[in-house]
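Q: how would this look folded up:
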Amino acid sequence: MGKAAILTPLYLSVAWTLMTSYQLFTETTVTTVTMYINNSLPTIGTWLASRIDMLVFIHSFAWIFLLSSVIPSLILGKERSVLIQFGVCLTLTFLAFIVQDALAGLNGTMDQIVGLAPLFHNPILASAYLSLPYLLMVGLDIRSKRKQKLTIELESETDDFPEDAFIVDEDFKEKEKIQEEEPVYPK
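A: From the prediction side, this is the model:
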């Protein structure tokens, strides 16, 4: 638990940064990608543009889901409870609002952060930014499957022999010992 106590602030800081940045930049990136699609495929682009709020929600939810699943498992391991996971997620949410308000109170700090938004007017960067949580989810699933497969393989290798295969009966040991002690005389 000592390692988790040291790494917990780091995990929470990273999670907060990702969640806050996603809240600030998701609308810009979704709008950029939608406009790019609208230039290539106007019918689909128009349909997406009419549902921009839903798209922003889905992509924001992807980060929230990913971070609320990964961070508690990193901190608590497999012994996490639903209440503790809820507490971690609620803490991250409150921290996002508190720090965002605090940054807005500082002169120009929030403007500098939001000033990065023009970077996401590039459709390639915007698409990469939007796909990041999904790629992380796929990567975590692949890693989990490999780890699970390796565990199963290791367990199957150790179960080749029955547990009692090498247990020797005590009477057998004594008989063997007596036979070794008796001298063998040639006739």
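Q: per-residue confidence averaged over the longest helix seen in the chain?
A: Counting by DSSP state H, the longest helix found in the chain is helix 2-40. Averaged over helix 2-40, pLDDT sits at 79.
Q: pull out the buried residues from whatever helix or strand comes next after it.
A: On the C-terminal side of helix 2-40, the nearest following helix or strand under DSSP states H and E is helix 42-49. Residues 45, 48-49 are the ones in helix 42-49 that count as buried (16 or more other C-beta atoms under 10 Å). All C-beta atoms are positioned from the backbone trio N, CA, C, and that covers glycine.
Q: residue 130: which of those residues is nearest?
A: residue 48 (12.3 Å; C-beta to C-beta).
Q: would you agree that closest one is in contact with residue 40?
A: No - here residue 48 does not reach residue 40: they are 11.7 Å apart, not a contact under C-beta atoms under 8 Å.
Q: residue ranges with poor pLDDT in the chain?
A: 1-5, 75-80, 92-93, 96-97, 99-101, 103-114, 157-187 (pLDDT under 70).
Q: near residue 130, how many other residues are there?
A: As a burial measure, residue 130 scores 22 neighbours (other C-beta atoms under 10 Å).
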